[in-house]
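J.: Need a 3D model of the following:
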Amino acid sequence: MKKTVLSLFAFISISLSAQGNNYVQDYTKYPDLALTPPMGWNSWNKFACNVDENMIKEMADAMVSSGMKDAGYTYINIDDCWHGDRDENGFIHPDKTRFPSGMKALSDYVHSKGLKLGIYSDAGSQTCGGRPGSRGYEFQDALTYAKWGVDYVKYDWCNTEGLKAEGAYKTFTAALKKAGRPIVLSICEWGDNKPWEWGENVGHLWRTTGDIYNCFDCVKDHGTWKAFGTMQILDMQEGLRKYAGPGHWNDPDMLEVGNGALTKGEDRAHFSMWSMLAAPLIAGNDIRNMTPDTKEVLTNKDVIAINQDKLGVQALKYKDEGEFEIWFKPLENGDWAVAFLNRDKAEKDISFDWKSNKFTDDEVSKKTFDTSIQNYKVVDLWTKKELGNTKKTLKATIPSKDILMLRLVKIK
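T.: Numbering: from 1, shown residues only. Presented below is the predicted three-dimensional model:
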């Protein structure tokens, strides 16, 4: 008991010292983080609760050896079920069987590879997987994660009865700020409480939907909740682009590229559209055992460059013909990215006259697209071929459930 009292007294003293003895909380996130959409890997989509330190080390190794690190991927994120118990003072510890070396040692290993470590918790009393949540322990958990060297926290929303989302996430943001280590905060409350309206100063990204499902165009009904295919999630982004920008991103959930259910064309369309949306690119496959097709999709640097463009503008849907959509994304140097998305079961022949399609992005960037004023070289980002320029009508055939993604490069 004496040891417990002394430990708690020490913790309170540290907390008060960090607050400057004035109890004024800072509910704003760490600035200057995630100025482009975060890129990395997360364990959940492929492994769910089956996580351990050896697997995480192997993923860090694979991120380097596969070329993913070189392509821009940075974070190795452990999702749910890493947790052990809280000690007598309430401090969380990792599962001793799965993570016998401890999280600090694992963090050091990931950092030694030039990567960053992400971890998972929950605003409620328990995580979605039934492990200890952070409710009532927000400041202790933040101090613990900082001590471990964590760089990214995904903060979920299970078992949160009686809590209000904005207040709960602000509490954890304040805890991270007091802990003193710059940590990216991923708000994961599934878009239920419109985090795009209040999340800009609270987190660096926020989920806009429920969980993604490994399917191109379907819904998985779990009874009390549903998971959504890539196209359903794409449709749910309607009206949200004005809320995204450097340091604050709409998050349509992690990638299903390489998890087997999607064809190469569907993987390509999924990855292309997440890049057009300026969405976080968090791979969810087993990157230790990628097929050449999966690796080709995930490491396409030309497509990634669209996602990581420093202007940070989410693409706008220019035309919607039901199963065929055209999207435009303005880029930093005056270029544009264009995606012709064929969601249909049949291939699509297109004939697109650039000069007849001019518009201004009045909602976000205020950029105008008008080829009578500016001509562009047309580059296919998947085949790497030049397709002439915008003085010429674009003619192409887009396979079923696939995409034509272009970069329009300014001709000076």
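
J.: ok, now which ones touch residue 198?
T.: The contact partners of residue 198, taken as C-beta atoms under 8 Å, 6 or more residues apart in numbering, are residue 166. Just so you know, the C-beta spots here come from the backbone N, C-alpha and C atoms, and that holds for glycine as well.

J.: Quick check: residue 204 vs residue 182, distance?
T.: Distance, residue 204 to residue 182, by C-beta to C-beta, to the nearest Å: 10 Å.

J.: Which neighbours do those two have in common?
T.: Counting by C-beta under 8 Å, 6+ apart, the shared contacts of residue 204 and residue 182 are residue 33.

J.: Would you mind telling me which of the two has the busier surroundings?
T.: residue 204 (27 against 14; other C-beta atoms under 10 Å).

J.: Can you name the residues that contact the more buried one?
T.: Residues near residue 204 by C-beta under 8 Å, 6+ apart: 29, 33, 34, 38, 184, 185, 186, 247, 248, 249.

J.: let's go with 6 Å and repeat that
T.: Residue 204 makes contact with 33, 34, 184, 185, according to C-beta atoms under 6 Å, 6 or more residues apart in numbering.

J.: distance of the nearest residue to it once chain neighbours are set aside from residue 155?
T.: The spatial neighbour of residue 204 that comes closest, neighbours along the chain excluded (C-beta to C-beta, 6 or more residues apart in numbering), is residue 34 at 4.0 Å. Distance, residue 34 to residue 155, by C-beta to C-beta: 14 Å.

J.: Compare those two and say which is more crowded by neighbours.
T.: Between residue 34 and residue 155, residue 155 has the larger neighbour count (other C-beta under 10 Å), namely 25 against 21.

J.: Pretty sure the more buried one sits in a helix.
T.: No: with DSSP: H, G, I helix; E, B strand; the rest coil as the criterion, residue 155 is assigned strand and is not in a helix.

J.: Could you give the secondary structure assignment for the residue nearest to residue 204?
T.: Three-state call for residue 34 (three-state DSSP): coil.

J.: Among the contacts of residue 204, which one has the most neighbours?
T.: residue 184 (26 neighbours).

J.: Just the pLDDT for that residue.
T.: Per-residue pLDDT puts residue 184 at 98.

J.: Not counting its neighbours along the chain, what's nearest it?
T.: By the measure of C-beta to C-beta, 6+ apart, the closest residue to residue 184 outside its immediate chain neighbours is residue 152, 4.4 Å from it.

J.: Distance to residue 345 added to the contacts of residue 204, as TSV?
T.: Formatted as TSV, these follow (distance: C-beta to C-beta, whole Å):
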residue	distance to residue 345
33	42
34	37
184	39
185	40
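
J.: how about the helices of the protein, start to end?
T.: Applying DSSP state H to the chain gives helices spanning 2-18, 44-47, 53-65, 68-71, 103-112, 138-148, 165-179, 230-235, 264-276, 292-298, 301-307.

J.: if we can go back for a sec, what does the residue nearest to residue 204 show for phi and psi?
T.: Per-residue torsions, residue 34: phi 50, psi 50 (degrees, to the nearest 10).

J.: I figured it hits residue 184, correct?
T.: Yes: between residue 34 and residue 184 there is a contact under C-beta atoms under 6 Å: 5.3 Å.

J.: Pull the residues that contact stretch 227-242.
T.: Outside of stretch 227-242, the residues within contact range by C-beta under 6 Å, 6+ apart are 196, 208-209, 211-213, 215-220, 250, 252, 270, 273, 314, 343, 363-364.

J.: which ones are touching the residue positioned nearest the centre of the chain?
T.: Taking C-alpha atoms, centre = their mean, the centroid of the chain lies closest to residue 280, which sits 2.8 Å from it. Each residue near residue 280 by C-beta under 6 Å, 6+ apart is listed here: 37, 38, 205, 251.

J.: out of those residues, which one sits closest to residue 348?
T.: Nearest to residue 348 among the contacts of residue 280: residue 37, at 28.3 Å, using C-beta to C-beta.

J.: Skipping adjacent residues, who's closest to the closest one in space?
T.: Spatially, and ignoring its direct neighbours in sequence, residue 37 is nearest to residue 280 (4.7 Å; C-beta to C-beta, 6+ apart).

J.: mind listing what residue 182 touches?
T.: Residues near residue 182 by C-beta under 6 Å, 6+ apart: 30, 33.

J.: ok, now with 8 Å
T.: Applying C-beta under 8 Å, 6+ apart to residue 182 gives the contacts 30, 33, 151.

J.: for residue 350, same thing?
T.: By C-beta under 8 Å, 6+ apart, the contact set of residue 350 is 340, 394, 395, 396, 397, 398, 404.

J.: let's go with 7 Å and repeat that
T.: Residue 350 sits next to 340, 394, 395, 396, 398 when contact means C-beta atoms under 7 Å, 6 or more residues apart in numbering.

J.: beta partners for the closest residue to the last one other than its chain neighbours?
T.: Yep, that's residue 398 we're talking about. Take residue 398 and drop its neighbours on the chain: the residue closest to it by C-beta to C-beta, 6+ apart is residue 342, 4.2 Å away. Following DSSP bridges, residue 342 is listed with bridge partners residue 324, residue 402.

J.: Okay, residue 342 and residue 401: tell me how far apart.
T.: Distance of residue 342 to residue 401, given as C-beta to C-beta: 7 Å.
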